[in-house]
Each structure stands twice: as C-alpha cells, then as structure tokens.
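> coords please:
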Amino acid sequence: MIRVLVVDDQQLLRQGLCSLLALSDKVEVAGQANDGLEARDWLQANAGKVDVMLLDIRMPRMTGIELLNSLKQDGALLPTIMLTTFDDHESLMGALSAGAKGYLLKDVSLETLVDGIEAVHNGESLIQPAITNTLINSLQGLNTASDGPAPVEPLSAKEKEILRLMASGCSNKEIAGALFKSQGTVKNQVSTILAKLDARDRTRAVLRAVELGIIG
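Numbers count the residues shown, from 1 in each chain. Coordinates of the predicted model:
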C-alpha cells in the first residue's frame, strides 16, 4: 500500500480526508500534520515512512510551498500532490516551481485522488483538467513567444494525441485505456515526448507545447 502524509490546517477537512482514504485498499494514512512546520518535523522523525504527501497550500506558520522549498533544499523532497481550493495561476506555478508533482482541487472524487496518488508515486505528474484549462488560458493570455528552441524533432500525430490527453489531466493508465495501449508503451511514448520538448516532467511538457503552439 502507498503510505500517505496528509497536511492541512483545517482539522475537520484533514480528518475527513483521512477517513475517506481509509476506504481505499491502495493507500494508507501514515500520518497527519496541521501545517508545514509540523509536517517537516514529522518527516524528520519518520524518515522513510511515507511515500506521498497530500499538501494544502495556504497554512499558518509554514505554507505548503514553503515546506516544499525547505524539503528541496534539504534534499528530502518526496512526491507531493497539492490538494487545495485555489486554482489561480500564481498558486499553481508556485507549487510546480517548488517541486509539487500533482495539483488537485479538494472537490475531487476518492477515485480521482487515489489515481493521482498512484500516478505521482509511479513518477508521473498530473494536474486536474479544470486547472489545466485555467493554466493554458493564462499562458495564451500572455501571448509571449518561447525563449527556448523548438523541438529538435517534430511530434508525430500519435504523440500529439497523447500530449492532448496529458493536457486534459489523464494519467498513463487512463491514456493507455483511451488508446488501447499498454501502460508500458504509453510510458515510453511519454518519455519520447518529454525528450523532444526538452521537458523534465509531464506538466512542463504541456506548458512547453502550449508555448510552441502545438496544443491549446
């Protein structure tokens, strides 16, 4: 089972989320924390006992983004999903820059949340489709050209199709189901797309594709 640390300053929401996760046979709640500072102390005292962190953004004493930056500085960053009520461009980009692998709104279903936990645990990154649309609209509104070079190799029609599914928030598992491919094949194709776009993860690949006008 995937061990999860839940970090949220709203006790009722945090405990409710833990009770919800307890219904899944794929994850277990390893611990809870009230804010970023308490989470950092918990992680230091329980090194190696958690696989994925569910993290709120805005909390007292230490925010979620401040916690990620602190862990990254210490070389202790772990796969993290920002679980929040905020879908604005600034919050999203701040979370991604700090090292978050996923960004979901708190109204997601248990199935979507568990799928997201599995995805980041497997090295993937994801953004909820509604948030992806917000981000793409913000980038298009900037109307700025990319500073980097165009992809060394053009994307094939199939790669563009996979990229569009990535932009809609689909995990490798969901892409494989939609295209009737194995997850291994999709994983390899995603890796090829990242290489062509010179992106280190799926989220940045989508942003790069928007900048280059490949999708949008």
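> hmm, who's touching stretch 101-108?
With contact meaning CB atoms under 8 Å, 6 or more residues apart in numbering, stretch 101-108 is reached by 13, 79-85, 87, 92, 95-96, 112-113, 116, 119-120, 124-128, 130-131, 201. (C-beta placed from N, C-alpha, C; glycine too.)
> these in helices, which ones?
Using DSSP state H, L13, L92, A95, L96, T112, L113, G116, A119, V120, A130, I131 are the members of these that sit in helices.
> will you turn those residues into TSV that also has neighbour count, distance to E153 and pLDDT?
As requested, the ones in helices among the contacts of stretch 101-108 are exported to TSV (neighbours: other CB atoms under 10 Å; distance: CB to CB, whole Å; pLDDT from 0 to 100):
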residue	neighbour count	distance to E153	pLDDT
L13	15	46	88
L92	23	29	74
A95	24	30	79
L96	22	25	76
T112	17	33	87
L113	22	36	90
G116	26	30	89
A119	23	26	88
V120	23	28	90
A130	13	32	62
I131	22	29	64
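> now do the buried residues in stretch 6-16.
V6, V7, D8, D9, R14 (16 or more other CB atoms under 10 Å).
> in CSV, list the ones in helices among the contacts of stretch 101-108 along with distance to Q32.
Output for these, formatted as CSV (distance: CB to CB, whole Å):
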residue, distance to Q32
L13, 11
L92, 25
A95, 20
L96, 25
T112, 21
L113, 16
G116, 19
A119, 22
V120, 19
A130, 27
I131, 25
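> can you name the next helix or strand after the worst-scoring helix or strand of the chain on mean pLDDT?
One helix or strand of the chain scores below all others by mean pLDDT, DSSP states H and E: helix 129-142, with a mean of 57. Next helix or strand after helix 129-142 toward the C-terminus (DSSP states H and E): helix 157-167.
> what's the following helix or strand past that following helix packed up against?
Note on helix 157-167: by DSSP H and E, the next helix or strand toward the C-terminus is helix 172-179. Where contact means 3 or more CB pairs under 8 Å, 6 or more residues apart in numbering; DSSP states H and E, helix 172-179 is packed against helix 110-121, helix 157-167, helix 183-197.
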